[in-house]
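Asks: Provided below are the primary sequence and the corresponding predicted coordinates.
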Amino acid sequence: MASNAPVGVFDSGVGGLSVLREIRQLLPHESLLYVADSGHVPYGEKSAEYIRERSRTIAEFLLGQGAKALVLACNTATVAAVAELRERYPTLPLVGMEPAVKPAAAATRSGLVGVLATTGTLKSAKFAALLDRFAGDVRVITQPCPGLVECVEAGELDSAATRELLRGYVEPLLAEGCDTLILGCTHYPFLKPLLRELVPASVSLIDTGAAVARQLQRLLEREQLLADGPAEPTRYWSSGEPERMRRVLPLLLGDEAEVRAF
Ligand code: DGL
């Protein structure tokens, strides 16, 4: 596999772009392919089998486009599908992601951490195992957030409706005394500016995009697959309405680019 081959990144929708921007920042020589499965969003309310099937289809597509590595830029797809994809492609550099329980448990001073994530992530065995392993004495309060993903998909990052929805999810966590909030879904970092207005400055907001980019760097280094550039422009596909994604790209990423139908 050539080191200048692209890295394939995918999510249930545009949320994984919050991971893609971290990859770009850390690894500017890497060419990137991105699939938004927006025709099937949200994954958070779907069965694990459904998500596995979608993940297989998208992984095959990205590998067919010549990807040298894959990033599941989606917590929900990771809990459902990463094990199967690792089995299917044992030698492929593959990075999944999970809510940042370990760094949050290290950061909290109140001993109370809130997790904002999808229903699928929070009810998974993988998430339960993550808590067992890393929460220690810290009390972790989970908050599923139906509807937030749709706000980000629509590019509604600061509308009154998005603000009210987010306020309803965050206020109970603050009332319990959480001083650290984990953004356990890749769509949510796009709501950080709004979230910052809703929570005191003393509350830490933690997400995993940068850690995923570092893990990708480690795997590519290990396989001697780091690109020496220059990177090709990122290529985008959407299984939803490509035109809608084209419209939100400048808002989410500062990119003007063509989006193809997937
Ligand atoms: N962005 C995804 C995640 O990180 C899931 C959103 C969804 O489709 O429900 O969990």
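Replies: Everything's here; your move. Treat the numbers as computed from the prediction; the structure is a model and nothing was measured.

Asks: Setting aside sequence neighbours, what's the nearest residue to residue 139?
Replies: residue 112 (5.2 Å; CB to CB, 6 or more residues apart in numbering). Every residue, glycine included, has its C-beta placed from N, CA and C.

Asks: How many residues are close by that neighbour?
Replies: Residue 112 has 17 neighbours, counted by other CB atoms under 10 Å.

Asks: Give me the pLDDT for the residue nearest the centre of the chain.
Replies: Closest to where the C-alpha atoms of the chain average out (CA atoms, centre = their mean) is residue 186, at 2.9 Å. We have a pLDDT of 98 for residue 186.

Asks: Not including adjacent chain positions, what is the nearest residue to it?
Replies: Using CB to CB, 6+ apart, the closest residue to residue 186 is residue 15 (3.8 Å).

Asks: What count of nearby residues applies to that neighbour?
Replies: Residue 15, neighbours per other CB under 10 Å, totals 30.

Asks: Same question for the one 4 residues further on.
Replies: Using other CB under 10 Å as the criterion, residue 19 is surrounded by 29 other residues.

Asks: got the buried residues for the helix or strand where it lies?
Replies: Using DSSP states H and E, residue 19 sits in helix 17-26. Buried residues in helix 17-26, defined by neighbour count with 16 or more other CB atoms under 10 Å: 17-24.

Asks: So for stretch 157-168, what gets flagged as buried?
Replies: So, applying 16+ other CB under 10 Å, buried residues of stretch 157-168: 157, 162-163, 165-166.

Asks: circling back: roughly how far out does the helix holding residue 19 sit from the chain middle?
Replies: 10 Å (CA atoms, centre = their mean, to the nearest Å).

Asks: Who are the packing partners of that helix?
Replies: strand 7-11, strand 32-36, helix 209-222, helix 242-253 (3 or more CB pairs under 8 Å, 6 or more residues apart in numbering; DSSP states H and E).

Asks: In CSV, list those along with mean pLDDT, mean neighbour count and distance to the ligand.
Replies: Output for the helices and strands packed on helix 17-26, formatted as CSV (pLDDT from 0 to 100; neighbours: other CB atoms under 10 Å; distance: least, CB to the nearest ligand atom, whole Å):
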stretch, mean pLDDT, mean neighbour count, distance to the ligand
strand 7-11, 98, 28, 5
strand 32-36, 98, 25, 10
helix 209-222, 98, 17, 10
helix 242-253, 96, 17, 12
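
Asks: residues contacting the residue nearest to residue 186?
Replies: Residues near residue 15 by CB atoms under 8 Å, 6 or more residues apart in numbering: 73-74, 149, 152, 185-188, 190.

Asks: can you give me the strands for the chain?
Replies: For the chain, the strands defined by DSSP state E occupy 7-11, 32-36, 69-72, 94-95, 112-117, 139-144, 180-183, 204-206, 235-238, 259-261.
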